[in-house]
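Engineer: Structure for this input, please:
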Amino acid sequence: MKKTNKDQEWVYMWDFPPIMTYNYGLTEIFMRNEDPFPTLRSLQYFDGRTVTSYMVSEDLERIKRVESIKYLNKDYYDKYLEEYNQKITNWWQYIRKIEHKKHLDSSDDDLVNDLMTFEINIADALSYFGSTRPEFTFASEERLSKILLDAGIVKMEDFVTLITPIDYDDVQKEHHTWLKIVKEKTLTDNDILSHVSKYPWLVFGEYDDNNIIRLFKDKAISNTEIFDEIIKKSEEEKKELFARQNEIMLRIPEDKKVEALYLAHFLQKQSVERMNIKSYWTGSFYLARNMWKEVERRINIKFVDFFTFLSITEMINCINGSMSKEDAEIIIKERRTGFAVLFLPGMKKIELTSGKKATEIYRKYVELEDVSVTEIKGQVASPGKHSGIVRIVKIEDPESMKRNAELFNIGDVMVTGMTQPNMMIFANKAGAIVTDEGGITSHAAIISRELKIPCVVGCRTATKVFKDGDRVEVDAVKGIIKIINK
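Structural biologist: Okay, the predicted model is just below:
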(Lines give C-alpha, C1' and ligand atoms only; values in the text may rest on other atoms or scores of the structure.)
Protein backbone atom coordinates (compact mmCIF):
# COMPACT_ATOMS: atom_id res chain seq x y z
CA MET A 1 0.00 0.00 0.00
CA LYS A 2 1.46 3.29 -1.14
CA LYS A 3 0.39 6.56 0.35
CA THR A 4 0.65 9.87 -1.45
CA ASN A 5 -0.14 13.51 -1.28
CA LYS A 6 0.46 16.17 -3.91
CA ASP A 7 3.89 17.12 -2.51
CA GLN A 8 5.42 13.78 -1.49
CA GLU A 9 4.99 10.09 -2.02
CA TRP A 10 4.79 8.42 1.38
CA VAL A 11 5.31 4.68 1.15
CA TYR A 12 4.16 2.02 3.56
CA MET A 13 7.15 0.38 5.28
CA TRP A 14 5.96 -2.02 7.99
CA ASP A 15 3.52 -2.70 10.84
CA PHE A 16 4.58 -3.13 14.46
CA PRO A 17 2.85 -3.46 17.84
CA PRO A 18 2.50 -0.22 19.81
CA ILE A 19 5.56 0.13 22.05
CA MET A 20 6.14 3.83 22.54
CA THR A 21 9.83 3.38 23.44
CA TYR A 22 10.34 1.69 20.06
CA ASN A 23 8.01 3.99 18.10
CA TYR A 24 9.58 7.15 19.52
CA GLY A 25 13.14 5.78 19.35
CA LEU A 26 12.71 4.84 15.70
CA THR A 27 11.59 8.34 14.79
CA GLU A 28 14.44 9.81 16.86
CA ILE A 29 17.08 8.26 14.58
CA PHE A 30 15.54 10.01 11.58
CA MET A 31 15.88 13.45 13.16
CA ARG A 32 19.38 13.35 14.63
CA ASN A 33 21.29 13.10 11.31
CA GLU A 34 24.20 11.05 12.64
CA ASP A 35 26.10 8.21 11.01
CA PRO A 36 25.07 5.70 9.94
CA PHE A 37 21.54 7.07 9.34
CA PRO A 38 20.77 10.41 7.63
CA THR A 39 17.79 12.68 8.35
CA LEU A 40 14.57 11.26 6.91
CA ARG A 41 10.92 12.19 6.95
CA SER A 42 8.98 9.71 9.05
CA LEU A 43 5.40 9.10 10.12
CA GLN A 44 4.15 6.34 12.40
CA TYR A 45 0.43 6.06 12.93
CA PHE A 46 -1.44 3.93 15.47
CA ASP A 47 -5.07 3.32 14.52
CA GLY A 48 -6.05 1.59 17.76
CA ARG A 49 -4.81 -1.81 16.54
CA THR A 50 -1.32 -1.58 15.09
CA VAL A 51 1.36 0.99 14.31
CA THR A 52 2.02 1.54 10.61
CA SER A 53 5.25 3.22 9.51
CA TYR A 54 5.72 5.39 6.43
CA MET A 55 8.69 7.08 4.79
CA VAL A 56 9.03 9.31 1.75
CA SER A 57 10.16 7.54 -1.44
CA GLU A 58 12.42 10.45 -2.37
CA ASP A 59 14.37 9.97 0.89
CA LEU A 60 14.75 6.26 0.27
CA GLU A 61 16.01 6.91 -3.24
CA ARG A 62 18.52 9.41 -1.85
CA ILE A 63 19.96 6.71 0.41
CA LYS A 64 20.36 4.42 -2.61
CA ARG A 65 22.05 7.17 -4.66
CA VAL A 66 24.24 8.71 -1.94
CA GLU A 67 24.56 6.69 1.26
CA SER A 68 24.90 3.22 -0.27
CA ILE A 69 27.87 4.33 -2.40
CA LYS A 70 29.91 4.95 0.76
CA TYR A 71 29.95 1.22 1.48
CA LEU A 72 31.78 0.51 -1.78
CA ASN A 73 34.81 1.93 0.03
CA LYS A 74 36.40 -0.72 2.24
CA ASP A 75 38.08 1.89 4.48
CA TYR A 76 34.68 3.49 5.17
CA TYR A 77 33.17 0.11 6.05
CA ASP A 78 36.11 -0.84 8.27
CA LYS A 79 35.57 2.37 10.26
CA TYR A 80 31.83 1.66 10.40
CA LEU A 81 32.52 -1.83 11.78
CA GLU A 82 34.98 -0.53 14.36
CA GLU A 83 32.40 1.93 15.72
CA TYR A 84 29.58 -0.59 15.50
CA ASN A 85 31.51 -3.31 17.36
CA GLN A 86 32.17 -0.90 20.21
CA LYS A 87 28.52 0.14 20.28
CA ILE A 88 27.08 -3.37 20.35
CA THR A 89 29.53 -4.36 23.10
CA ASN A 90 28.34 -1.39 25.16
CA TRP A 91 24.68 -2.21 24.50
CA TRP A 92 25.02 -5.75 25.78
CA GLN A 93 27.12 -4.74 28.80
CA TYR A 94 24.44 -2.23 29.77
CA ILE A 95 21.45 -4.55 29.33
CA ARG A 96 23.15 -7.38 31.25
CA LYS A 97 23.72 -4.97 34.12
CA ILE A 98 20.06 -3.90 33.98
CA GLU A 99 18.91 -7.52 33.79
CA HIS A 100 20.57 -8.45 37.10
CA LYS A 101 20.27 -5.14 38.92
CA LYS A 102 18.22 -4.83 42.12
CA HIS A 103 16.15 -1.88 40.97
CA LEU A 104 14.25 -1.73 44.25
CA ASP A 105 17.44 -0.32 45.81
CA SER A 106 17.89 2.33 43.11
CA SER A 107 17.28 6.01 43.80
CA ASP A 108 14.93 7.89 41.50
CA ASP A 109 17.95 9.52 39.82
CA ASP A 110 19.58 6.14 39.27
CA LEU A 111 16.41 4.70 37.74
CA VAL A 112 16.05 7.76 35.52
CA ASN A 113 19.63 7.35 34.29
CA ASP A 114 18.96 3.70 33.48
CA LEU A 115 15.87 4.64 31.50
CA MET A 116 17.71 7.35 29.59
CA THR A 117 20.51 4.94 28.69
CA PHE A 118 17.97 2.36 27.57
CA GLU A 119 16.38 4.91 25.23
CA ILE A 120 19.74 5.99 23.77
CA ASN A 121 20.82 2.41 23.17
CA ILE A 122 17.54 1.47 21.49
CA ALA A 123 17.85 4.48 19.16
CA ASP A 124 21.48 3.57 18.38
CA ALA A 125 20.58 -0.07 17.72
CA LEU A 126 17.70 0.92 15.44
CA SER A 127 20.05 3.26 13.58
CA TYR A 128 22.56 0.51 12.86
CA PHE A 129 19.74 -1.91 12.09
CA GLY A 130 18.44 0.60 9.57
CA SER A 131 21.87 0.78 7.93
CA THR A 132 21.52 -2.90 6.94
CA ARG A 133 18.38 -2.12 4.92
CA PRO A 134 18.38 -2.73 1.13
CA GLU A 135 18.72 1.00 0.39
CA PHE A 136 22.13 0.95 2.09
CA THR A 137 23.33 -2.24 0.37
CA PHE A 138 21.95 -1.17 -3.04
CA ALA A 139 25.22 0.06 -4.61
CA SER A 140 27.12 -3.02 -3.43
CA GLU A 141 24.46 -5.36 -4.80
CA GLU A 142 24.48 -3.54 -8.15
CA ARG A 143 28.28 -3.51 -8.39
CA LEU A 144 28.64 -7.21 -7.50
CA SER A 145 25.91 -8.12 -10.00
CA LYS A 146 27.77 -6.24 -12.73
CA ILE A 147 31.08 -7.99 -11.94
CA LEU A 148 29.32 -11.36 -12.15
CA LEU A 149 27.51 -10.50 -15.40
CA ASP A 150 30.74 -9.24 -17.00
CA ALA A 151 32.30 -12.58 -16.06
CA GLY A 152 29.43 -14.47 -17.72
CA ILE A 153 27.92 -15.51 -14.38
CA VAL A 154 24.25 -14.84 -15.07
CA LYS A 155 22.34 -17.22 -12.80
CA MET A 156 20.50 -15.63 -9.88
CA GLU A 157 21.40 -18.71 -7.83
CA ASP A 158 25.11 -17.86 -8.15
CA PHE A 159 24.61 -14.31 -6.89
CA VAL A 160 22.52 -15.56 -3.96
CA THR A 161 25.12 -18.24 -3.16
CA LEU A 162 27.91 -15.67 -3.07
CA ILE A 163 26.16 -13.37 -0.59
CA THR A 164 24.86 -16.11 1.74
CA PRO A 165 26.76 -16.01 5.06
CA ILE A 166 29.08 -18.85 6.02
CA ASP A 167 28.86 -17.80 9.68
CA TYR A 168 25.90 -18.95 11.76
CA ASP A 169 23.53 -16.17 12.75
CA ASP A 170 21.85 -15.91 16.15
CA VAL A 171 18.78 -17.89 15.06
CA GLN A 172 20.90 -20.85 13.90
CA LYS A 173 23.04 -20.71 17.05
CA GLU A 174 19.93 -20.74 19.25
CA HIS A 175 18.46 -23.69 17.41
CA HIS A 176 21.62 -25.75 17.91
CA THR A 177 21.98 -24.71 21.54
CA TRP A 178 18.36 -25.60 22.35
CA LEU A 179 18.62 -29.04 20.77
CA LYS A 180 21.79 -29.70 22.73
CA ILE A 181 20.12 -28.72 26.02
CA VAL A 182 17.10 -30.93 25.31
CA LYS A 183 19.38 -33.84 24.39
CA GLU A 184 21.83 -33.68 27.31
CA LYS A 185 19.73 -32.99 30.40
CA THR A 186 16.40 -33.06 32.11
CA LEU A 187 15.08 -29.59 31.50
CA THR A 188 14.76 -27.36 34.59
CA ASP A 189 13.17 -23.95 34.98
CA ASN A 190 16.65 -22.43 35.34
CA ASP A 191 17.78 -24.10 32.11
CA ILE A 192 14.91 -22.44 30.28
CA LEU A 193 15.43 -18.99 31.80
CA SER A 194 19.18 -19.17 31.13
CA HIS A 195 18.54 -20.08 27.51
CA VAL A 196 16.02 -17.27 27.10
CA SER A 197 18.43 -14.84 28.74
CA LYS A 198 21.06 -15.79 26.15
CA TYR A 199 18.56 -15.51 23.28
CA PRO A 200 15.98 -13.02 24.60
CA TRP A 201 14.45 -12.31 21.19
CA LEU A 202 12.72 -15.69 21.54
CA VAL A 203 10.19 -14.16 23.92
CA PHE A 204 9.60 -10.74 22.36
CA GLY A 205 6.25 -9.53 23.70
CA GLU A 206 6.32 -11.73 26.80
CA TYR A 207 7.53 -10.56 30.23
CA ASP A 208 6.21 -13.23 32.61
CA ASP A 209 8.82 -15.90 33.43
CA ASN A 210 6.16 -18.44 34.44
CA ASN A 211 4.53 -18.20 31.01
CA ILE A 212 7.93 -18.56 29.36
CA ILE A 213 8.80 -21.68 31.37
CA ARG A 214 5.48 -23.29 30.46
CA LEU A 215 5.89 -22.49 26.75
CA PHE A 216 9.41 -23.91 26.57
CA LYS A 217 8.54 -27.06 28.46
CA ASP A 218 5.81 -27.67 25.89
CA LYS A 219 8.33 -26.96 23.15
CA ALA A 220 10.77 -29.51 24.59
CA ILE A 221 8.06 -32.18 24.77
CA SER A 222 7.03 -31.62 21.15
CA ASN A 223 10.62 -31.61 19.83
CA THR A 224 11.26 -34.34 17.25
CA GLU A 225 14.63 -33.15 15.91
CA ILE A 226 17.83 -35.04 16.73
CA PHE A 227 20.75 -32.82 17.74
CA ASP A 228 23.55 -34.84 16.13
CA GLU A 229 21.70 -35.10 12.82
CA ILE A 230 20.90 -31.38 12.70
CA ILE A 231 24.50 -30.37 13.51
CA LYS A 232 25.90 -32.78 10.92
CA LYS A 233 23.47 -31.49 8.28
CA SER A 234 24.26 -27.84 9.09
CA GLU A 235 28.01 -28.40 8.90
CA GLU A 236 27.69 -30.25 5.60
CA GLU A 237 25.55 -27.44 4.16
CA LYS A 238 28.08 -24.81 5.24
CA LYS A 239 30.93 -26.80 3.63
CA GLU A 240 28.93 -27.14 0.41
CA LEU A 241 28.16 -23.42 0.46
CA PHE A 242 31.83 -22.53 0.97
CA ALA A 243 32.84 -24.81 -1.91
CA ARG A 244 30.23 -23.28 -4.25
CA GLN A 245 31.35 -19.77 -3.31
CA ASN A 246 34.97 -20.65 -4.09
CA GLU A 247 33.95 -22.15 -7.43
CA ILE A 248 32.11 -18.94 -8.37
CA MET A 249 35.06 -16.79 -7.32
CA LEU A 250 37.39 -18.82 -9.56
CA ARG A 251 35.28 -17.74 -12.56
CA ILE A 252 35.82 -14.03 -11.80
CA PRO A 253 38.78 -12.32 -13.55
CA GLU A 254 41.83 -11.71 -11.34
CA ASP A 255 41.59 -7.93 -11.64
CA LYS A 256 38.04 -8.01 -10.18
CA LYS A 257 38.49 -10.74 -7.60
CA VAL A 258 39.53 -8.57 -4.63
CA GLU A 259 36.61 -6.19 -5.19
CA ALA A 260 34.11 -9.04 -5.65
CA LEU A 261 35.36 -10.77 -2.51
CA TYR A 262 34.97 -7.55 -0.48
CA LEU A 263 31.44 -6.93 -1.80
CA ALA A 264 30.36 -10.51 -1.10
CA HIS A 265 31.80 -10.40 2.42
CA PHE A 266 30.20 -7.00 3.04
CA LEU A 267 26.75 -8.32 2.09
CA GLN A 268 27.28 -11.50 4.13
CA LYS A 269 28.42 -9.51 7.15
CA GLN A 270 25.46 -7.12 6.98
CA SER A 271 23.10 -10.13 6.88
CA VAL A 272 24.58 -11.61 10.05
CA GLU A 273 24.82 -8.29 11.88
CA ARG A 274 21.26 -7.34 10.93
CA MET A 275 20.12 -10.43 12.83
CA ASN A 276 22.49 -9.70 15.73
CA ILE A 277 21.21 -6.14 16.06
CA LYS A 278 17.60 -7.32 15.89
CA SER A 279 18.46 -9.82 18.64
CA TYR A 280 19.51 -6.92 20.85
CA TRP A 281 16.68 -4.48 20.33
CA THR A 282 13.90 -7.07 20.38
CA GLY A 283 15.50 -8.90 23.32
CA SER A 284 16.35 -5.87 25.43
CA PHE A 285 12.70 -5.19 26.27
CA TYR A 286 12.48 -8.58 28.01
CA LEU A 287 15.89 -8.32 29.67
CA ALA A 288 14.83 -4.99 31.20
CA ARG A 289 11.64 -6.53 32.67
CA ASN A 290 12.69 -5.92 36.28
CA MET A 291 13.33 -2.27 35.48
CA TRP A 292 9.81 -2.01 34.03
CA LYS A 293 8.41 -3.63 37.18
CA GLU A 294 10.13 -0.99 39.30
CA VAL A 295 8.80 1.81 37.09
CA GLU A 296 5.33 0.30 37.50
CA ARG A 297 5.72 0.26 41.29
CA ARG A 298 6.91 3.88 41.51
CA ILE A 299 4.44 5.56 39.18
CA ASN A 300 1.53 3.23 40.12
CA ILE A 301 0.42 2.73 36.52
CA LYS A 302 -0.02 -0.73 34.99
CA PHE A 303 2.97 -1.96 32.99
CA VAL A 304 0.95 -2.71 29.87
CA ASP A 305 -0.36 0.88 29.89
CA PHE A 306 2.81 2.91 30.41
CA PHE A 307 5.00 0.54 28.34
CA THR A 308 2.62 0.70 25.38
CA PHE A 309 1.67 4.35 25.43
CA LEU A 310 4.22 6.48 27.33
CA SER A 311 7.60 7.59 26.04
CA ILE A 312 10.69 7.23 28.21
CA THR A 313 10.62 10.99 28.83
CA GLU A 314 7.04 10.74 30.09
CA MET A 315 7.93 7.81 32.35
CA ILE A 316 10.77 9.91 33.78
CA ASN A 317 8.41 12.85 34.30
CA CYS A 318 6.09 10.56 36.27
CA ILE A 319 9.01 9.35 38.43
CA ASN A 320 10.31 12.83 39.25
CA GLY A 321 6.83 14.24 39.84
CA SER A 322 6.68 16.71 36.95
CA MET A 323 3.78 14.70 35.50
CA SER A 324 0.99 13.48 37.75
CA LYS A 325 -0.48 10.00 37.57
CA GLU A 326 -3.80 11.56 36.55
CA ASP A 327 -2.24 13.46 33.63
CA ALA A 328 -0.36 10.34 32.50
CA GLU A 329 -3.57 8.32 32.55
CA ILE A 330 -5.32 10.97 30.44
CA ILE A 331 -2.51 10.69 27.85
CA ILE A 332 -2.74 6.89 27.88
CA LYS A 333 -6.51 7.03 27.41
CA GLU A 334 -6.14 9.38 24.42
CA ARG A 335 -3.41 7.27 22.79
CA ARG A 336 -5.46 4.09 23.08
CA THR A 337 -7.68 5.45 20.30
CA GLY A 338 -4.73 6.45 18.14
CA PHE A 339 -1.47 8.37 18.01
CA ALA A 340 0.94 9.74 15.41
CA VAL A 341 4.70 10.21 15.67
CA LEU A 342 5.89 12.63 13.00
CA PHE A 343 9.24 14.09 12.03
CA LEU A 344 9.92 16.45 9.14
CA PRO A 345 13.22 18.30 8.45
CA GLY A 346 13.17 21.68 10.15
CA MET A 347 11.28 20.45 13.18
CA LYS A 348 13.14 21.06 16.43
CA LYS A 349 11.55 18.04 18.04
CA ILE A 350 9.40 15.04 17.21
CA GLU A 351 5.67 15.80 17.01
CA LEU A 352 3.66 13.32 19.06
CA THR A 353 -0.11 13.68 18.83
CA SER A 354 -3.04 11.63 20.11
CA GLY A 355 -6.67 10.86 19.37
CA LYS A 356 -8.45 12.87 16.68
CA LYS A 357 -5.46 15.14 16.11
CA ALA A 358 -3.32 12.10 15.27
CA THR A 359 -5.86 11.01 12.66
CA GLU A 360 -5.82 14.54 11.22
CA ILE A 361 -2.01 14.39 10.93
CA TYR A 362 -2.27 11.03 9.20
CA ARG A 363 -4.86 12.25 6.71
CA LYS A 364 -2.94 15.46 6.07
CA TYR A 365 0.20 13.69 4.94
CA VAL A 366 -1.07 10.47 3.42
CA GLU A 367 -3.98 9.43 1.32
CA LEU A 368 -4.94 5.80 0.86
CA GLU A 369 -4.37 4.46 -2.64
CA ASP A 370 -6.39 1.67 -4.17
CA VAL A 371 -4.88 -1.72 -3.30
CA SER A 372 -7.38 -3.85 -5.26
CA VAL A 373 -4.60 -5.47 -7.28
CA THR A 374 -3.97 -9.16 -7.86
CA GLU A 375 -0.23 -9.05 -8.48
CA ILE A 376 2.72 -7.44 -6.70
CA LYS A 377 6.48 -7.39 -7.18
CA GLY A 378 9.49 -7.52 -4.89
CA GLN A 379 13.13 -8.56 -4.76
CA VAL A 380 14.13 -12.20 -5.15
CA ALA A 381 15.94 -13.37 -2.01
CA SER A 382 15.82 -17.13 -2.61
CA PRO A 383 14.95 -18.39 -6.11
CA GLY A 384 12.19 -20.87 -6.87
CA LYS A 385 8.45 -21.18 -7.49
CA HIS A 386 5.59 -22.27 -5.24
CA SER A 387 1.81 -22.08 -5.12
CA GLY A 388 -0.04 -22.20 -1.84
CA ILE A 389 -2.50 -20.71 0.62
CA VAL A 390 -1.65 -17.33 2.17
CA ARG A 391 -1.24 -17.10 5.92
CA ILE A 392 -0.62 -13.60 7.28
CA VAL A 393 1.86 -13.80 10.17
CA LYS A 394 1.97 -10.82 12.54
CA ILE A 395 4.43 -9.83 15.25
CA GLU A 396 2.82 -11.10 18.46
CA ASP A 397 3.68 -12.49 21.86
CA PRO A 398 4.94 -16.12 21.99
CA GLU A 399 1.64 -17.54 23.26
CA SER A 400 -0.34 -16.02 20.36
CA MET A 401 2.27 -17.20 17.87
CA LYS A 402 2.08 -20.73 19.23
CA ARG A 403 -1.72 -20.76 18.80
CA ASN A 404 -1.53 -19.35 15.27
CA ALA A 405 1.24 -21.78 14.30
CA GLU A 406 -1.17 -24.65 14.93
CA LEU A 407 -3.39 -23.24 12.13
CA PHE A 408 -0.42 -22.90 9.75
CA ASN A 409 -0.20 -25.88 7.39
CA ILE A 410 2.85 -27.33 5.69
CA GLY A 411 3.24 -25.64 2.30
CA ASP A 412 1.33 -22.46 3.21
CA VAL A 413 2.78 -19.18 1.97
CA MET A 414 4.05 -17.13 4.92
CA VAL A 415 3.22 -13.46 4.31
CA THR A 416 4.51 -10.97 6.87
CA GLY A 417 5.67 -7.38 7.29
CA MET A 418 9.12 -8.50 8.32
CA THR A 419 10.23 -11.78 9.82
CA GLN A 420 11.19 -11.85 13.46
CA PRO A 421 13.54 -14.48 14.92
CA ASN A 422 10.67 -16.07 16.86
CA MET A 423 8.71 -16.72 13.66
CA MET A 424 10.71 -19.85 12.83
CA ILE A 425 7.76 -22.01 13.90
CA PHE A 426 5.98 -20.70 10.79
CA ALA A 427 8.99 -20.60 8.46
CA ASN A 428 9.78 -24.28 9.08
CA LYS A 429 6.37 -25.21 7.64
CA ALA A 430 6.22 -22.61 4.86
CA GLY A 431 6.39 -23.42 1.17
CA ALA A 432 7.48 -19.84 0.45
CA ILE A 433 8.03 -16.55 2.29
CA VAL A 434 6.85 -13.11 1.14
CA THR A 435 7.59 -9.90 3.08
CA ASP A 436 6.70 -6.22 2.87
CA GLU A 437 10.09 -5.13 4.17
CA GLY A 438 13.74 -6.13 3.82
CA GLY A 439 16.25 -7.02 1.14
CA ILE A 440 18.73 -9.75 0.33
CA THR A 441 20.49 -9.28 3.67
CA SER A 442 17.27 -9.63 5.68
CA HIS A 443 16.39 -12.39 8.13
CA ALA A 444 13.72 -13.67 5.73
CA ALA A 445 16.33 -13.96 2.98
CA ILE A 446 18.74 -15.91 5.19
CA ILE A 447 16.24 -18.41 6.57
CA SER A 448 14.59 -19.04 3.19
CA ARG A 449 17.97 -19.95 1.70
CA GLU A 450 18.69 -22.16 4.69
CA LEU A 451 15.31 -23.87 4.28
CA LYS A 452 15.69 -23.94 0.47
CA ILE A 453 12.29 -22.36 -0.19
CA PRO A 454 11.36 -19.46 -2.53
CA CYS A 455 11.36 -15.99 -1.01
CA VAL A 456 10.44 -12.54 -2.31
CA VAL A 457 11.19 -9.57 -0.04
CA GLY A 458 10.56 -5.81 -0.07
CA CYS A 459 7.09 -6.14 -1.63
CA ARG A 460 5.80 -3.20 0.46
CA THR A 461 2.13 -4.20 0.22
CA ALA A 462 1.93 -7.99 0.56
CA THR A 463 0.17 -7.93 3.96
CA LYS A 464 -2.37 -5.42 2.60
CA VAL A 465 -3.08 -6.93 -0.82
CA PHE A 466 -3.25 -10.59 0.23
CA LYS A 467 -5.68 -12.06 2.75
CA ASP A 468 -5.67 -15.29 4.75
CA GLY A 469 -6.96 -18.07 2.52
CA ASP A 470 -5.96 -16.53 -0.84
CA ARG A 471 -4.22 -19.01 -3.13
CA VAL A 472 -1.17 -17.35 -4.67
CA GLU A 473 1.66 -18.21 -7.02
CA VAL A 474 5.08 -17.12 -5.80
CA ASP A 475 7.51 -16.69 -8.69
CA ALA A 476 10.82 -16.10 -6.94
CA VAL A 477 12.63 -16.00 -10.26
CA LYS A 478 10.89 -12.90 -11.59
CA GLY A 479 10.00 -11.57 -8.12
CA ILE A 480 6.23 -11.68 -8.77
CA ILE A 481 3.43 -12.91 -6.52
CA LYS A 482 -0.07 -13.13 -7.96
CA ILE A 483 -3.44 -14.27 -6.70
CA ILE A 484 -4.73 -17.44 -8.36
CA ASN A 485 -8.05 -17.35 -6.55
CA LYS A 486 -9.48 -15.78 -3.41
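
Engineer: Let's verify residue 166: helix, strand, or coil?
Structural biologist: Three-state call for residue 166 (DSSP: H, G, I helix; E, B strand; the rest coil): coil.

Engineer: So it sits against residue 243, correct?
Structural biologist: No: in this structure residue 166 lies outside contact range of residue 243 using Cβ atoms under 8 Å: 10.8 Å. All C-beta atoms are positioned from the backbone trio N, CA, C, and that covers glycine.

Engineer: Give me the neighbour count for the residue nearest to residue 482 when sequence neighbours are not counted.
Structural biologist: Ranked by Cβ to Cβ, 6 or more residues apart in numbering and with sequence neighbours excluded, the top spatial neighbour of residue 482 is residue 375, at 4.0 Å. Residue 375 has 12 neighbours, counted by other Cβ atoms under 10 Å.

Engineer: and if you look at residue 288?
Structural biologist: 24.

Engineer: Now do the same contact list for it.
Structural biologist: 95, 98, 99, 118 (Cβ atoms under 8 Å, 6 or more residues apart in numbering).

Engineer: Distance check, the residue nearest to residue 482 against residue 385.
Structural biologist: 15 Å (Cβ to Cβ, to the nearest Å).

Engineer: is it fair to say residue 238 lies in a strand?
Structural biologist: No: using three-state DSSP, the assignment for residue 238 is helix, not a strand.

Engineer: Walk me through the domains of this protein.
Structural biologist: 2-130+286-368, 154-250, 375-485 (automatic domain parsing).

Engineer: next one: stretch 402-413 to chain centre, how far?
Structural biologist: 21 Å (Cα atoms, centre = their mean, to the nearest Å).

Engineer: Renumber starting at 58 from here on
Structural biologist: That works, and once the first residue is 58, the last one we named lands at stretch 459-470.

Engineer: Quick one: mean pLDDT for it?
Structural biologist: Confidence for stretch 459-470, expressed as mean pLDDT, is 91.

Engineer: What ranges does the stretch 308-457 of the chain have for its strands?
Structural biologist: 396-400, 408-411, 424-425, 432-434, 436-439, 442-450 (DSSP state E, counting those that start in this stretch).

Engineer: List the strands paired with the fourth one, with their directions.
Structural biologist: The one in question is strand 432-434. strand 537-542 (antiparallel) (DSSP bridges).

Engineer: what does the partner strand rub up against?
Structural biologist: 431-435, 444, 491, 513, 516, 519, 523, 527-532.

Engineer: Where does residue 148 sit: helix, strand or coil?
Structural biologist: Reduced to three states by three-state DSSP, residue 148 is helix.

Engineer: and the nearest residue to it once chain neighbours are set aside, how many residues sit next to it?
Structural biologist: Distances taken as Cβ to Cβ, 6+ apart put residue 178 closest to residue 148, at 4.9 Å, once the chain neighbours are dropped. By other Cβ under 10 Å, 22 other residues sit near residue 178.

Engineer: Residue 178 reaches residue 152, doesn't it?
Structural biologist: Yes: using Cβ under 8 Å, residue 178 makes contact with residue 152 at a distance of 7.4 Å.

Engineer: list the residues that contact both of those two?
Structural biologist: With Cβ under 8 Å, 6+ apart, residue 178 and residue 152 have common neighbours residue 341.
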